[in-house]
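J.: Give the three-dimensional model of this entry:
(2 chains)
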Amino acid sequence: MNRAEPLTQLQSVEPNTGSPPLPSAMTPESRAAAPAEARSLLATAWLRIRRSKIALLSLCVVVAIMLFAILAPVLSAMSGNDPYTSNTSPEVLDDFQTPGLPLPGYMYPSAEHWLGVEPGLGRDLFARLAYGGQVSLTIALLSTVVSVVLGTILGAAAGYFGGKTDAIISRIMDLFLAFPHLLLVLSLTPILQSRLRDTPLGEGSFLPMASLVIILGFFGWAYLARIVRGQVLSLREREFVEAARSFGASHLSVLFRQIIPNVMGVVLVYATMLIPTNISAEAALSFLGVGVKDPTPSWGQMLNAAQSGNWYLSDPWFLAVPGVMLIITVLAFNLLGDAVRDALDPKASRH
Amino acid sequence: MMTFILRRTGSLVLLLAAVSFITFTLFQLGPSDPAAAACGQECTPERVAEARVALGMDQPFLVQYADYIRGLFSSRMIGAPGAQTLCEWPCLGKSFQTNENVADIIARSLPYTFSMAIGALVLWTITGVGLGLLAALRKGSPVDKFIVGAASVGVSLPIPVTGLFLLLLFVNQLHLLPFTTNEINSPFGPQGPGAWVANYLLPWIALAVLFSASYIRVTRTNMIETFGEDFIRTARAKGLAPRTVTFKHGVRAGITPVVTMLGMDIGLLLGGAVLTEQIFSVPGLGFTAVHAAISGDLPVTMAITMLAAFFVIVANVVVDLAYAAIDPRVRLQ
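T.: The predicted structure follows:
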């Protein structure tokens, strides 16, 4: 597959307002490589995703999960429950054999509690799953944004400026990649939380979310930066960059208006792949007890609750609810990521 | 070859120094007050001030770092003047919680982490490379599609979910395996290798499911690419047996990316399989790190993070050297 194709298609995408001579300077280039009318990045991705059943299905699942999380307040209101009210009355939870275990009518889905109730506190599982989805997905998406912004800018700067800038940024990338990710994130999260406690970010349930976004975002940029740097190394030698320079565009303007728009394809691919990684990371950290903590729900926190006190042994459903949700979400995002990669970065897929 | 090894070792030492400095900076300057963390929950300002002196935090930052590094090479005294205690070589500080030498805590955890790593490694390499190769050889067939599909699902299974599910099924419901115990940390112990395998089998499976999935993908992709190359066609044209072509020519050339991954993953796993150790209550490095992180035991988390980064970096260099040994096309520059 011709490497230049997806890149050139992107050129006409980005609004080039502010540098009027450039589109005309680029046209011969685009015409040469993209015979069809130039499409936007997302349109290109959509066109190819539409052809694959698996990709379409995973896109639908992703959209459904997002809606489920966004509509958490509406859905819980419809079911008549909320994620925080506990009900430990002896009609709901067992009082004799296994104290705290939901009675059969409350353990599994029913009209009253769509996914049953939690053992121990008797809170509604459906409401916790929906609100937990909000927390988990917000953390995953925001931390991905942080990583992508850092990775794109630093990677592009390293590749474009070369020399000392490149040497410094590349060494920092090497260092970030050398650290065992989970271990570092795990040990720094409590430290960051103690720092944030007295700031506006440190209020209540906001604190764990803010700290996870910062930590996961800050330690996730290096891999993307390395990829972007590699792309930019070849991009900066291309004619349209030279053209922009000769029209008097400054380095910064070339970097942000010419170079970065042209690597958006790769960036989008790695961003899609980073989301499921960050969903798993949130789950892992909250599961370990350093991320989101009770009473705030998240899918990782729910897994933590299932393990603590070995509830999952007497009430496997309590483990299955967040577990299956997590697997479906990560699987759908992963498959979507594969599809986006096949669509926008044909060289990387190598089927 | 010799210059290559020397140059790699040189950059290795530099990288290790940088990693240790950064970890130290993050953990010493990160917390708003490490002395308060060391002192505990209910601590008067006077006691915090004492703790600050005892931890050497009244010293300039670089002096603290130099002292810490000195402990890696010789025993040193730590604590407040007048109340100093000997921290024997290799000194990584003392635990805030138990006042135990951090190096001793690490030495105690290592056998568990090794036990976890070695079995999981063998299991996932065999299944990952084996299935990946099978899929590549039968490219496009239902077998291939099934393996690729299974790998997609495999990489999406979070370890907490698989781990707890395995415990629920095999230990709690079917009673096939025992709950993991702290008493077994080597196949050469009094309980024998059988008990060791039974003790670690589930953690191995939990890790192997996740890891083998990515090994299947990488092996398959690279083998398909290699089988399409000219030298394979030449080997076939020469009339070599298909088995010889597949294994001697194909696998040897196509396996290098897998070796890279393997090296990195070994390095990563030696630093502690944080989640798996936590789920199965195996008191290895990862388990120790989680508990230290939650209780704010900075010297322990810092030392384990540093050690884990060292493992990754060393693994990187070993991989580079292994490359040259496996793939005749690689030239060391």
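J.: If you count contacts, what does the helix or strand where residue B:126 lies end up packed against?
T.: Per DSSP states H and E: residue B:126 is located in helix B:102-137. Applying 3 or more Cβ pairs under 8 Å, 6 or more residues apart in numbering or on different chains; DSSP states H and E, one finds that helix B:102-137 makes contact with helix B:142-155, helix B:192-227, helix B:256-270, helix B:274-279, helix B:285-294, helix B:298-326. In short, each C-beta sits where N, CA and C put it, glycine included.
J.: Mind doing that once more with 10 Å?
T.: Contact partners of helix B:102-137 among helices and strands, from 3 or more Cβ pairs under 10 Å, 6 or more residues apart in numbering or on different chains; DSSP states H and E: helix B:61-73, helix B:142-155, helix B:192-227, helix B:252-254, helix B:256-270, helix B:274-279, helix B:285-294, helix B:298-326.
J.: Select from those helices the stretch with the lowest mean pLDDT.
T.: The weakest mean pLDDT among these belongs to helix B:252-254, with a mean of 79.
J.: List the buried residues in that helix.
T.: B:253-254 (16 or more other Cβ atoms under 10 Å in any protein chain shown).
J.: Report the contact partners of residue A:322.
T.: Contacts here follow Cβ atoms under 10 Å, 6 or more residues apart in numbering or on different chains; on that basis residue A:322 touches A:125, A:128-129, A:132-133, A:136, A:283, A:287, A:297-306, B:158, B:160-161.
J.: so what pLDDT did it get?
T.: As predicted, residue A:322 sits at a pLDDT of 95.
J.: Next one: residue A:281 from chain B, what distance?
T.: 10 Å (Cβ to the nearest Cβ, to the nearest Å).
J.: Next, that residue: secondary structure please.
T.: Under DSSP: H, G, I helix; E, B strand; the rest coil, the three-state class of residue A:281 is helix.
J.: What is the burial count for it?
T.: By other Cβ atoms under 10 Å in any protein chain shown, the residues close to residue A:281 number 26.
J.: Over to the one 5 residues further on?
T.: Neighbouring residues of residue A:286 were enumerated by other Cβ under 10 Å; the total is 30.
J.: ok, it touching residue A:293?
T.: Yes: at 7.5 Å, residue A:286 counts as touching residue A:293 under the criterion of Cβ atoms under 10 Å.
J.: Would you mind listing the residues touching both of those two?
T.: A:208, A:301, A:304.
J.: Throw the residues you listed into TSV and include neighbour count, secondary structure and pLDDT, thanks.
T.: Listed next are the shared contacts of residue A:286 and residue A:293 as TSV, based on neighbours: other Cβ atoms under 10 Å in any protein chain shown; DSSP: H, G, I helix; E, B strand; the rest coil; pLDDT from 0 to 100:
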residue	neighbour count	secondary structure	pLDDT
A:208	24	helix	84
A:301	27	helix	95
A:304	22	helix	94
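J.: Redo these as TSV? Include distance to residue B:93.
T.: TSV is the format used below for the shared contacts of residue A:286 and residue A:293 (distance: Cβ to Cβ, whole Å):
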residue	distance to residue B:93
A:208	28
A:301	32
A:304	29
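J.: Now the stretch 1-150 of chain A against chain B: closest residue?
T.: residue A:54 (8.8 Å; Cβ to the nearest Cβ).
J.: what's near enough to touch the closest residue to that residue other than its chain neighbours?
T.: Ranked by Cβ to Cβ, 6 or more residues apart in numbering or on different chains and with sequence neighbours excluded, the top spatial neighbour of residue A:54 is residue A:335, at 5.8 Å. By Cβ under 10 Å, 6+ apart, the residues touching residue A:335 are A:52, A:54-55, A:57-59, A:61-62, A:276, B:152-153, B:156.
J.: Which of those ranks first by neighbour count?
T.: residue A:276 (25 neighbours).
J.: check contacts around that residue.
T.: Contacts for residue A:276 (Cβ under 10 Å, 6+ apart) come out as A:62, A:140, A:144, A:326, A:329-337, B:155-156, B:158.
J.: what's the closest non-adjacent residue to it?
T.: Nearest to residue A:276 is residue A:333, by Cβ to Cβ, 6+ apart, at 3.9 Å.
J.: Likewise for residue B:113?
T.: Excluding the flanking residues, the one nearest residue B:113 by Cβ to Cβ, 6+ apart is residue B:284, at 3.5 Å.
J.: what about the one you found, neighbour count?
T.: If we define neighbours as other Cβ under 10 Å, then residue B:284 has 30 of them.
J.: Pop out the phi and psi values for it.
T.: Dihedral pair for residue B:284: phi -90, psi -170, per degrees, to the nearest 10.
J.: does it really touch residue B:185, like I thought?
T.: Yes: under the criterion of Cβ under 10 Å, residue B:284 makes contact with residue B:185 at 8.7 Å.
J.: hey, what's in contact with both of those two?
T.: Residues touching both residue B:284 and residue B:185 by Cβ under 10 Å, 6+ apart: B:108-116.
J.: any idea how far chain B is from residue A:273?
T.: From residue A:273 to chain B the distance is 11 Å (Cβ to the nearest Cβ).
J.: okay but that residue is in contact with residue A:280, surely?
T.: No: Residue A:273 is beyond contact range of residue A:280, at 11.7 Å (criterion: Cβ under 10 Å).
J.: which neighbours do the two share?
T.: Common contacts of residue A:273 and residue A:280 (Cβ under 10 Å, 6+ apart): A:333-334.
J.: more crowded one of the two?
T.: Set residue A:273 next to residue A:280 and count neighbours by other Cβ under 10 Å: residue A:280 wins out with 28 against 19.
J.: Please report how far the residue nearest to residue B:113 lies from chain A.
T.: According to Cβ to the nearest Cβ, residue B:284 stands 12 Å off from chain A.
J.: same question, residue B:5
T.: Relative to chain A, and taking Cβ to the nearest Cβ, residue B:5 is found at 19 Å.
J.: ok, how many other residues are close to the closest residue to that residue other than its chain neighbours?
T.: Using Cβ to Cβ, 6+ apart and skipping residues adjacent in sequence, the residue nearest residue B:5 is residue B:321, 7.0 Å away. Residues within reach of residue B:321, counting by other Cβ under 10 Å, total 14.
J.: any idea how far residue B:321 is from chain A?
T.: Residue B:321 is 17 Å from chain A, where distance means Cβ to the nearest Cβ.
J.: coming back round to it: filter the contacts of residue A:276 down to the ones in helices?
T.: If you go by DSSP state H, those have A:62, A:140, A:144, A:326, A:329-337, B:155 in helices.
J.: Need these in CSV (columns: distance to residue B:8).
T.: What follows is these, written out as CSV (distance: Cβ to Cβ, whole Å):
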residue, distance to residue B:8
A:62, 43
A:140, 37
A:144, 34
A:326, 40
A:329, 41
A:330, 37
A:331, 39
A:332, 42
A:333, 37
A:334, 35
A:335, 39
A:336, 39
A:337, 34
B:155, 31
